[in-house]
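Participant: mind folding the following:
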Amino acid sequence: MGSDIRVLTQSPVGRVAYWPLQKLIRFVRRLRYPELPMDHALISVSYRGRQFRIEVRRWNSSDHSAVRQCFSYAQYDMPQYDQGKALDRLYREIVDAGKRPLIVDCGANVGASVLWFTARYPEAHIIAVEPASDNFSLLEKNTRGLDVELYRAGVGPEDGTAWLSNPNGDAGMDYRTNSVGEGVKVKIVSLAMLLMGKLSGDLVPFLLKVDIEGAEKDLFTGDTSLINRFPLIILEPHDWLLPGQATSLPFLRFHVEAKRELALKLENIASVRYTL
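Facilitator: All right, here's what the predicted structure looks like:
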């Protein structure tokens, strides 16, 4: 609806037709969704029989893009073909053994990826990590009532602090953590902290998603033994965003040294192994 309104108001005739109706539209919207801010919208999506309404910032293209990438393009439905079938069998082995597959979503944004994971892997327990407060607020709303643990933090090789910046000045997918004191101070959590006390119970590492705007360089420079316990790692590389910094190099070294298989889909790389 937001895009339709933008098209309508681009012409003088459209503006004349729209503005008298604006108050009525707002009134009806408030009656239907009293807790929804006027600058937010709800996007209805579905996947594998699951229906979701995702709250996004109305005019923020990053939010809409995140939803589209997850639900229209199914960007995290990888790997495919025989690799995908082998991982699906591994997933079923975990569930059939009476345990729960564990998914860790690093860079969960407003929660579109988390919701997609709940539809694709309904028996999984999810840990979602997001450092930006505005994104995290929507992440909380969009995942309410689900089997999801939320952490407002960045991810790194060790627990600590960093600074969160937004070089493009637009809320959404451009937040980056850095160690040089530029931006807002944020908490950094390690994978060891996120998994503390969990692997001795019924949770089994299955999928690690890493979309952290270049901070993957630090994450894969540290101890990768816990990372390697995840049969499926899906990473968005950011060499294109930070040329000359070789942000993907530590991940690629890890992948080769661990003798894992590679798969590609859209802007993501999957590092795969077939044992728990």
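
Participant: ok, which stretches of the stretch 51-200 of the chain are helices?
Facilitator: With helices called from DSSP state H, counting those that start in this stretch, the stretch 51-200 of the chain shows them at 61-67, 81-96, 112-120, 133-142, 191-194.

Participant: is it possible to get a markdown table of the ones you listed that adds mean neighbour count, distance to Arg50 and mean pLDDT?
Facilitator: Heads up, the C-betas are built off the backbone N, CA and C, glycines and all. Shown next, in a markdown table, are these (neighbours: other CB atoms under 10 Å; distance: least, CB to CB, whole Å; pLDDT from 0 to 100):
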| stretch | mean neighbour count | distance to Arg50 | mean pLDDT |
| --- | --- | --- | --- |
| helix 61-67 | 20 | 14 | 94 |
| helix 81-96 | 14 | 17 | 98 |
| helix 112-120 | 23 | 4 | 98 |
| helix 133-142 | 19 | 13 | 97 |
| helix 191-194 | 18 | 25 | 97 |
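
Participant: I'd like these as CSV, with distance to Ala246 appended.
Facilitator: What follows is the helices of the stretch 51-200 of the chain, written out as CSV (distance: least, CB to CB, whole Å):
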stretch, distance to Ala246
helix 61-67, 26
helix 81-96, 27
helix 112-120, 26
helix 133-142, 27
helix 191-194, 22
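
Participant: who wins for proximity to Glu257 among those?
Facilitator: Glu257 sits nearest to helix 191-194 of all the helices of the stretch 51-200 of the chain, at 17.4 Å, using CB to CB.

Participant: which outside residues touch the closest one?
Facilitator: In this structure, residues lying in contact with helix 191-194 by CB atoms under 8 Å, 6 or more residues apart in numbering are 104, 127, 129, 151, 155, 159, 208, 219, 223, 226-227.

Participant: of the residues you listed, which one scores lowest on pLDDT?
Facilitator: Of all these, Asp223 carries the smallest pLDDT score, 94.

Participant: circling back: which stretch among the helices of the stretch 51-200 of the chain comes nearest Tyr175?
Facilitator: helix 133-142 (7.2 Å).

Participant: which residues of the stretch 1-150 of the chain score low on pLDDT?
Facilitator: 1-32 (pLDDT under 70).

Participant: how about the strands in it?
Facilitator: With DSSP state E, counting those that start in this stretch as the criterion, the stretch 1-150 of the chain has strands at 40-47, 50-57, 100-106, 125-129, 148-151.

Participant: residue contacts, the residue nearest the centre of the chain?
Facilitator: Nearest residue to the geometric centre of the chain (CA atoms, centre = their mean): Ala108, 3.0 Å. Ala108 sits next to 114, 128-130, 135, 139, 150 when contact means CB under 8 Å, 6+ apart.

Participant: go on, His125?
Facilitator: His125 touches 100-103, 147-149, 203, counting by CB under 8 Å, 6+ apart.

Participant: among these, which ones are buried?
Facilitator: Among the contacts of His125, those classed as buried by 16 or more other CB atoms under 10 Å are 100-103, 148, 203.

Participant: wait, doesn't Leu266 sit right on Tyr73?
Facilitator: Yes - counting by CB atoms under 8 Å, Leu266 touches Tyr73, with 6.2 Å between them.

Participant: just the closest of the contacts of His125 to Pro37, please.
Facilitator: Using CB to CB, the contacts of His125 come closest to Pro37 at Val148, 22.5 Å.

Participant: which one is that closest one nearest to, not counting chain neighbours?
Facilitator: Nearest residue to Val148 in three dimensions, chain neighbours excluded: Ile126, at 4.6 Å (CB to CB, 6 or more residues apart in numbering).

Participant: grab the nearest non-local neighbour of Val45.
Facilitator: If the residues on either side of it in the chain are set aside, Val45 comes closest to Phe71, at 4.2 Å by CB to CB, 6+ apart.

Participant: format the contacts of Ala108 as JSON lines; extra columns: distance to Trp163.
Facilitator: Below are these laid out as JSON lines (distance: CB to CB, whole Å):
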{"residue": "Val114", "distance to Trp163": "25"}
{"residue": "Ala128", "distance to Trp163": "21"}
{"residue": "Val129", "distance to Trp163": "17"}
{"residue": "Glu130", "distance to Trp163": "16"}
{"residue": "Asn135", "distance to Trp163": "16"}
{"residue": "Leu139", "distance to Trp163": "20"}
{"residue": "Leu150", "distance to Trp163": "21"}
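
Participant: sweet, I'm off.
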